[in-house]
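**Q** here is my input; please provide its structure:
(one chain, ligands or ions: 1)
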Amino acid sequence: MSSFRATPYRRALPFLLALLAAGCAQRASSPDMPSASDDIFTVSASLGRGVNFGNMLEAPHEGDWGRTISDADIDRVAHAGFSTIRLPVRFSNHAGTTAPYRLDSDFLARVDHVVDRALADHLSIIIDFHNYSQIVGDPLSAQESRVEPDVVDERFVALWAQIAEHFRDRPKKVIYELLNEPHKDLTSDRWNVLLKRTLQAVRAQDPYRAVIIGPTGWNSAKDLAKLDLPNDRAIIVTIHNYEPFDFTHQGAKWVEHTPPVGTKCCDEKQIARLTAPLEIAAAWGKEHHRPIFLGEFGAYEVADMDSRAAFTLAMRQAADKRGMSWAYWEYNSGFGVYNPKADQWVWPLRDALLGPELR
Ligand code: BGC
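**A** Just a heads-up that it's a prediction; the model follows:
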């Protein structure tokens, strides 16, 4: 008789196993956890009114672009009446450059902190893989990790396998977004292959969670026609809309051919330009039976405030009218709905998004 069989451990074993089984069953059956019976249209609608926490965790390192996320920021957007934070994260700059491309555990702990705080505030939170410059062929910024070009796609898949493994036990209010704005070298042919490989890696870890995927052309509605999705029903399709671009990006130095300053918004023609991409997306969504999420829209601070408020209201109403949940770009930088220096909401923008009744 081995000493193990004679010890109290043996007597405790059945209880421990029963406890473990009960724990697993509870986790799998909890209504808060992703499950096979989730209706993706309901999940998408639950995103409701969102705001992007831009220019923070998707800088090369948090703080490089002048802003960091505080718990108070998360609480503030929840109390104001937003229901979702879209969290852009530059995972690609916090991971090994050779296989197995290990994600930095301190950085993951930082993302955990933000996710936990959002969940404690009853918010949904979208973990958005943002600014992987090398995968689209954009110039790398200073302090950005470069890898051998032939392993870029493989590394992206490996990073997602780790992200999904890390977050798979989180409630369904945590949602993944595979990649912000594929463009340039990430052509639709390459993206259609890569998104399927990546989703497969995610599904091996996390089979039922909602995953947001958008088309090429910086998530432009007109590229939806080129988007080829796998037969997976837990996908929400995203588009971004900055039309009329000459208005929203006037004076924006980071875009090619910066539009001149001084354009106002929104006359009838501009409203038509603003709604056209939403029309395309709504029709595509209907045809393909996929919910649509408007993941970014906003107007840069250089435009006059009345015009920015008019644009924001028109866009928000256009999305609401078509049953699309949305996230405004962004919280506290150049498009910000909150002014951190004055420690105040930018009221015309906040009212346009949430309605003055939520003041
Ligand atoms: C980019 C930002 C940019 C914004 C509007 C986002 O997707 O990541 O850098 O400010 O679009 O142009």
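**Q** who are the neighbours in contact with the spatially closest residue to L47 that is not a sequence neighbour?
**A** Nearest in space to L47, with sequence neighbours left out and distances taken as C-beta to C-beta, 6 or more residues apart in numbering, is S325 at 3.8 Å. Backbone N, C-alpha and C define where each C-beta goes, glycine included. Counting by C-beta atoms under 8 Å, 6 or more residues apart in numbering, S325 makes contact with 44-50, 84, 291, 293-294, 319.
**Q** so which of the residues you listed comes closest to V261?
**A** L294 (25.7 Å; C-beta to C-beta).
**Q** excluding chain neighbours, what is closest to the closest one?
**A** The shortest distance from L294 to any non-neighbouring residue, by C-beta to C-beta, 6+ apart, is to W326 (4.0 Å).
**Q** doesn't the one you found belong to a strand?
**A** Yes: counting by DSSP: H, G, I helix; E, B strand; the rest coil, W326 is found in a strand.
**Q** do I have it right that it meets F297?
**A** Yes: with contact defined as C-beta atoms under 8 Å, W326 reaches F297; the gap is 7.0 Å.
**Q** any common contacting residues for these two?
**A** 315, 319.
**Q** picking that back up, and the contacts of S325, which are buried?
**A** Buried subset of those (neighbour count, 16 or more other C-beta atoms under 10 Å): 44, 47-50, 84, 291, 293-294, 319.
**Q** tell me what the residue nearest to L47 is bridged to.
**A** Beta-bridge pairing for S325 (DSSP bridges): F293.
**Q** okay, and D138 sits in which element?
**A** Counting by DSSP states H and E, no helix or strand carries D138.
**Q** hang on, it packs against K184?
**A** Yes: applying C-beta under 8 Å, one finds D138 in contact with K184, separated by 6.6 Å.
**Q** centre of the chain versus stretch 159-176, how much separation?
**A** Remark: stretch 159-176 is offset 13 Å from the chain centroid, using C-alpha atoms, centre = their mean, to the nearest Å.
**Q** the residue lying closest to A282 once chain neighbours are set aside: what's it in contact with?
**A** Spatial nearest neighbour of A282, chain neighbours left out: R322 (4.5 Å); criterion: C-beta to C-beta, 6+ apart. Residues counted as contacts of R322 (C-beta under 8 Å, 6+ apart) are 278-279, 281-282, 292.
**Q** mind picking the two most distant members of the residues you listed?
**A** Most distant of those, by C-beta to C-beta, are E279 and I292, 11.1 Å apart.
**Q** quick one: which of these two has more around it?
**A** Ranked by neighbour count (other C-beta atoms under 10 Å), E279 and I292 place I292 first, with 27 against 13.
**Q** now do the nearest residue to the more buried one once chain neighbours are set aside against L229, distance only.
**A** Nearest residue to I292, sequence neighbours excluded (C-beta to C-beta, 6+ apart): G285, at 4.4 Å. G285 is 12 Å from L229, where distance means C-beta to C-beta, to the nearest Å.
**Q** more neighbours, these two?
**A** A direct count of neighbours by other C-beta under 10 Å for G285 and L229 places G285 higher, at 22 against 15.
**Q** on the three-state scheme, that one is what?
**A** Assignment for G285 (three-state DSSP): helix.
**Q** buried sites along stretch 150-164?
**A** Residues of stretch 150-164 classed as buried: 152-153, 155-164 (neighbour count, 16+ other C-beta under 10 Å).
**Q** what's the average pLDDT for that stretch?
**A** Per-residue pLDDT over stretch 150-164 has a mean of 98.
**Q** among the contacts of R322, name the ones in helices.
**A** If you go by DSSP state H, the contacts of R322 have 278-279, 281-282 in helices.
**Q** of those residues, select the buried ones using a ChimeraX command.
**A** To isolate the buried ones among the ones in helices among the contacts of R322 in ChimeraX, judged by 16+ other C-beta under 10 Å, type:
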select :278,281,282
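**Q** next, format the ones in helices among the contacts of R322 as TSV and append pLDDT.
**A** Converted to TSV, those look like this (pLDDT from 0 to 100):
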residue	pLDDT
L278	98
E279	98
A281	98
A282	98
